[in-house]
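Visitor: Show me how the following folds:
(one chain, ligands or ions: 2)
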Amino acid sequence: MAKIFCVANQKGGVGKTTTTVNLSAGLAKLNQRVLLVDLDPQGNATMGAGINKAGLEASTYEVMLGTSDVATARLRSEAGRFDVLPSNRELAGAEVEMVELERRETRLKDALALVDADYDFILIDCPPALSMLTLNGLCAAHGVIIPMQCEYYALEGLSDLVNTIKKVHANLNPDLKIIGLLRVMFDPRMTLSQQVSAQLEQHFGDKVFDTIIPRNVRLAEAPSYGIPGVTFDPSSKGAQAYIAFGAEMVRRIKTM
Ligand code: ADP
Ligand code: MG
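Guide: Ligands and ions are numbered 1, 2, ... in the order given. Below is the predicted model:
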């Protein structure tokens, strides 16, 4: 049985895609079988895993609408050594088209159930909105990973996400919980980063992951080569941090 996690935060540019791609590659390095689900019409995770989003025969879009299935649509990221359910801008249309369909919140959950036995981890890269797509991610998952930058406005908007997660937990998916807040793009030289980081630990306790992802230029460079940062420069501080985060996730699921 795969453990399924959503990487979500309705803010854009907070490190969701970087986290999904590099956690996938980090877990693969630890010999875990991983499927990355790209649930963002921008297709950044697809490209970051080395898959051309322009030439897809089937994608998350067809899977959500039920005209294809995960086993058909998934592709292999050779660079990352994990599977990808790829996406592109077509997926934006699913938002509207799904309104007509039955069980529209659980279409992704139902689709993933068929490949559950093939993986140890399924990681879902969510779009930057609390939309029907994100709702499908939350309904499919056992837990949510929330990447955030330790800056002044970091906590703003977090309550909207937490309330949405609570509602999904109460009404649609009793399995769902927040696994943790992941501090990303961290700059230890900034006093503010350290203050916000300490506040997060005080407020959220063990819901804050031990691993901290530093700001690291190699992680930002890797996507343009279509290679996850973890494989692009394995010795870089960013890669090392995501491998450590993979190990922390493997530890955490043992107690779930
Ligand atoms: P999101 O998916 O939440 O929109 P991304 O993962 O695409 O966010 O990250 C936004 C930008 O920040 C990208 O250009 C990415 O390369 C960069 N970035 C993300 N994490 C790091 C990091 N730890 N160090 C340096 N750059 C990063
Ligand atoms: Mg993204």
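
Visitor: ok, stretch 179-194 near ligand 2 or not?
Guide: No: residues of stretch 179-194 are not located near ligand 2 by Cβ under 5 Å from the ion, the shortest gap being 12.1 Å. No exception for glycine: its C-beta is placed from N, CA and C like everyone else's.

Visitor: What is the end-to-end distance of that stretch?
Guide: 22 Å (Cα to Cα, to the nearest Å).

Visitor: Please work out the average pLDDT along it.
Guide: For stretch 179-194, the mean per-residue pLDDT is 95.

Visitor: Same question for stretch 59-74.
Guide: Mean predicted confidence for stretch 59-74 is 97.

Visitor: Angles on the backbone of the residue in the chain that ligand 2 sits nearest to, please.
Guide: With Cβ to the ion as the measure, Thr17 is the residue of the chain nearest to ligand 2, at 3.3 Å. Geometry field for Thr17 lists phi and psi as phi -70, psi -40, criterion degrees, to the nearest 10.

Visitor: And Cys6, by the same measure?
Guide: phi -100, psi 130.

Visitor: and if you look at Asp125?
Guide: Residue torsions, per degrees, to the nearest 10, at Asp125 are phi -90, psi 110.

Visitor: Also Val184?
Guide: phi -120, psi 170.

Visitor: hmm, back to that, count of neighbours near the residue of the chain closest to ligand 2?
Guide: Residues lying near Thr17 (other Cβ atoms under 10 Å) number 28.

Visitor: these two touch, right, it and Met47?
Guide: No: using Cβ atoms under 8 Å, Thr17 is not in contact with Met47; the gap is 9.3 Å.

Visitor: Does whichever strand or helix holds Leu35 reach ligand 2?
Guide: Counting by DSSP states H and E, the element that carries Leu35 is strand 34-38. No: Strand 34-38 lies out of reach of ligand 2 by Cβ under 5 Å from the ion, never closer than 9.0 Å.

Visitor: How about the contacts made by the residue nearest to Ile227 when sequence neighbours are not counted?
Guide: Computed as Cβ to Cβ, 6 or more residues apart in numbering, the closest residue to Ile227 that is not its neighbour in sequence is Ala79, at 4.4 Å. Listed by Cβ atoms under 8 Å, 6 or more residues apart in numbering, the contact set of Ala79 reads Ala25, Ala49, Gly50, Gly226, Ile227, Pro228, Thr231.

Visitor: now do Asp125
Guide: Val7, Lys16, Thr17, Thr20, Val21, Leu36, Val37, Asp38, Leu39, Asp40, Asn44, Ala45.
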